[in-house]
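**Q** How does the following fold in three dimensions:
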Amino acid sequence: MACRISELVIDAADPARLAEFWSKVLGYVELGREDDGSIEIGPPGVGFGGPQPTLILSPSGDPRAGKLRLHIDVNATDRDQDAELERLLALGARPVDVGQTGTESWHVLADPEGNEFCLLHTRLQPL
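**A** Model prediction:
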């Protein structure tokens, strides 16, 4: 038996803002809020324990120190990469230079709080 990723926790200065952003990016819905200000989002109708991990946006006032050691990769499911890039930028993502050469098949972006993520080229089937 092995483990599987059930949820990812992201420290956030403004959990509500990031929950809204990532919900729109991933097609997730809010699953719950904790007294500490944490917000959990996940796939509609499935939630925690489904085939996709949920995200918990956890309040933190700690400044980020250096490059993230983990980042999220996303793939479009219903459009090509260029159209998805336009959609993500309209939602508030911004391009980030982390030393790319310009020949990569992916785009490096940051969410509204500067957390890097990549938009990969391959279109995936929706779950």
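**Q** So for the protein, the centremost residue is which one?
**A** Centroid check for the chain by C-alpha atoms, centre = their mean gives residue 22 as the closest residue, at 5.1 Å.
**Q** ok, that residue touching residue 28?
**A** Yes - with contacts defined as C-beta atoms under 8 Å, residue 22 counts as touching residue 28 at a distance of 6.5 Å. C-betas here are computed from N, CA, C, even on glycine.
**Q** who touches both of the two?
**A** Counting by C-beta atoms under 8 Å, 6 or more residues apart in numbering, the shared contacts of residue 22 and residue 28 are 41, 55.
**Q** Could you report the distance from the nearest residue to the residue nearest to the centre of the chain once chain neighbours are set aside to residue 97?
**A** If the residues on either side of it in the chain are set aside, residue 22 comes closest to residue 55, at 5.6 Å by C-beta to C-beta, 6 or more residues apart in numbering. Relative to residue 97, residue 55 is positioned 25 Å away (criterion: C-beta to C-beta, to the nearest Å).
**Q** neighbour count winner among these two?
**A** Between residue 55 and residue 97, counted using other C-beta atoms under 10 Å, residue 55 has the larger neighbour count: 23 against 7.
**Q** shaky segments in the protein?
**A** 1 (pLDDT under 70).
**Q** In the protein, what residue spans correspond to strands?
**A** Per DSSP state E, the chain carries strands over the ranges 7-12, 29-33, 39-42, 54-59, 72-74, 94-95, 107-110, 116-119.
**Q** got the buried residues for the last one?
**A** What that stands for is strand 116-119. Within strand 116-119, the residues scored as buried using 16 or more other C-beta atoms under 10 Å are 117-119.
**Q** next one: stretch 33-46
**A** Taking 16+ other C-beta under 10 Å as the basis for neighbour counts, the residues of stretch 33-46 that come out buried are 38-43.
**Q** Please apply the same query to stretch 45-61.
**A** 47, 52-58.
**Q** Quickly check these for the two that are furthest apart.
**A** The distance between the two most remote of those (C-beta to C-beta) is 18.8 Å, for 52 and 58.
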